[in-house]
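Student: Just to be clear, the model below is a prediction. Sequence and coordinates:
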Amino acid sequence: MTAKLRFFAKFRELLGTDIPVPVPEGSTILSLVRDTAWKNKEGYDAIFDDKGNFHEFVIVMRNGKRVEHGDAAAARVADGDEIAVFPPVAGG
Amino acid sequence: MLSDRERERYKRQIMLFGNEGQEKLKKAHIFVAGAGGLGSPVSYYLAVAGVGTLTVVDMDTVDQTNLNRQILHTDRDIGKKKTVSAMEKLTAVNPDIRINAIDARIDEDNVAELIGNADGIVDAMDNYPVRYLLNQVAIAKKIPLFHGAIRGFYGQATTIIPGKTPCLKCIFPKAPPQEVFPVVGATAGVIGTIQATEVLKVLLGSGDLLTGRILVWDGLAGRAEEIYAERIPCCPACGIGGTEMPAGEKKK
């Protein structure tokens, strides 16, 4: 099983994007993003808080649909899923 | 009716949408919240396109650190109210339209009144608390909200049509942290001109709007991508049982 992880803006700068990721049995959206982001501490810290949860402003999507943070820990990743992680910006 | 001068001024765009289109723009009133990085290109392009009435609200004074991106303001304007500077520039580029430049801090008590009977709201703010107020008024008045935001070489834009598309709170339920954000002026140019284009499309009733999707601009990668967004039925702003309402609107 393989999924694709897409990071945007600052997250892309730190972690790359369109990353094909093998999906170990039982992977959830949260665990898959965590495992992928782990390779770059700055990237990880940009996405997750010190408890390993998504920062509250981070937008997580699966196949174009938003995933609530509370559901990301239970949502199993399926073969071919595309997971997008996006940091909204605030400036004007 | 368009004057001879107006027909001449807008000749190259009347080729696109005719005198009728131009008259629609002339009759329109657009509210631009902010005369900074995004507000500059948005209000310039709406002014030169001939949007008949522009209300521009800002509470700040022009500072030297604004000048790398806020192209409404020049070195000579440092120390002036942004509304005064904006009024001068916009009147100079198009004396045939009406500009209301209001020096005010947008808050929950005045936001509905400031927006008044505008036909649309451009979000050119630099913070989410005020963006959420604009979102509430857009929903209450059933007028479009043109969202844009920038940071560094990155930007995002989407068009919100209350009742039809996800609202700002459906898309961004939690605000990113406030900060003194790094930015280049060109990013404000990219996103602001997308917002201005969306305003013109809504007023003219043409094209496919940037609705139900967020355009994500990555200037460093040289890519524009889209993220799809859906209405959230339990959204506190626009969902069933939505209760959030600026105080100024509740009193009516």
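Tutor: Arrived safely.
Student: you'd agree residue B:193 is up against residue B:43?
Tutor: No. If you go by CB atoms under 8 Å, residue B:193 and residue B:43 don't touch, sitting 11.5 Å apart. Placement of C-beta: from N, CA and C, glycine included.
Student: More neighbours: the two, which one.
Tutor: Taking other CB atoms under 10 Å in any protein chain shown, residue B:193 and residue B:43 do not tie; residue B:43 has more neighbours (29 against 17).
Student: That one reaches residue B:54, doesn't it?
Tutor: Yes. Contact criterion CB under 8 Å: residue B:43 and residue B:54 qualify, at 6.0 Å.
Student: intersection of neighbour lists for these two?
Tutor: B:32, B:90 (CB atoms under 8 Å, 6 or more residues apart in numbering or on different chains).
Student: give me the element the residue nearest the centre of chain A is part of.
Tutor: Compute the mean C-alpha point of chain A, and by CA atoms, centre = their mean the closest residue is residue A:33, 3.9 Å away. Per DSSP states H and E: residue A:33 is located in helix A:29-37.
Student: In the next helix or strand after that helix, which residues are buried?
Tutor: Downstream of helix A:29-37, the next assigned helix or strand under DSSP H and E is helix A:41-47. By neighbour count on 16 or more other CB atoms under 10 Å in any protein chain shown, the buried set for helix A:41-47 is A:43-44, A:46-47.
Student: Out of those, flag the one nearest to chain B.
Tutor: residue A:46 (11.1 Å; CB to the nearest CB).
Student: in chain B, which spans are helices?
Tutor: Remark: helices assigned in chain B by DSSP state H are B:4-9, B:11-27, B:39-49, B:82-93, B:111-115, B:128-141, B:168-171, B:185-204, B:247-250.
Student: Switch the buried residues of helix A:41-47 over to a markdown table; also include distance to residue B:156 and pLDDT.
Tutor: Converted to a markdown table, the buried residues of helix A:41-47 look like this (distance: CB to CB, whole Å; pLDDT from 0 to 100):
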| residue | distance to residue B:156 | pLDDT |
| --- | --- | --- |
| A:43 | 20 | 96 |
| A:44 | 23 | 97 |
| A:46 | 17 | 95 |
| A:47 | 17 | 97 |
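Student: Intersect these with the contacts of chain B.
Tutor: Residues of the buried residues of helix A:41-47 in contact with chain B (CB under 8 Å from any CB of the partner chain): none.
Student: Let me have those in TSV, extended by distance to residue B:170.
Tutor: Shown next, in TSV, are the buried residues of helix A:41-47 (distance: CB to CB, whole Å):
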residue	distance to residue B:170
A:43	27
A:44	28
A:46	24
A:47	22
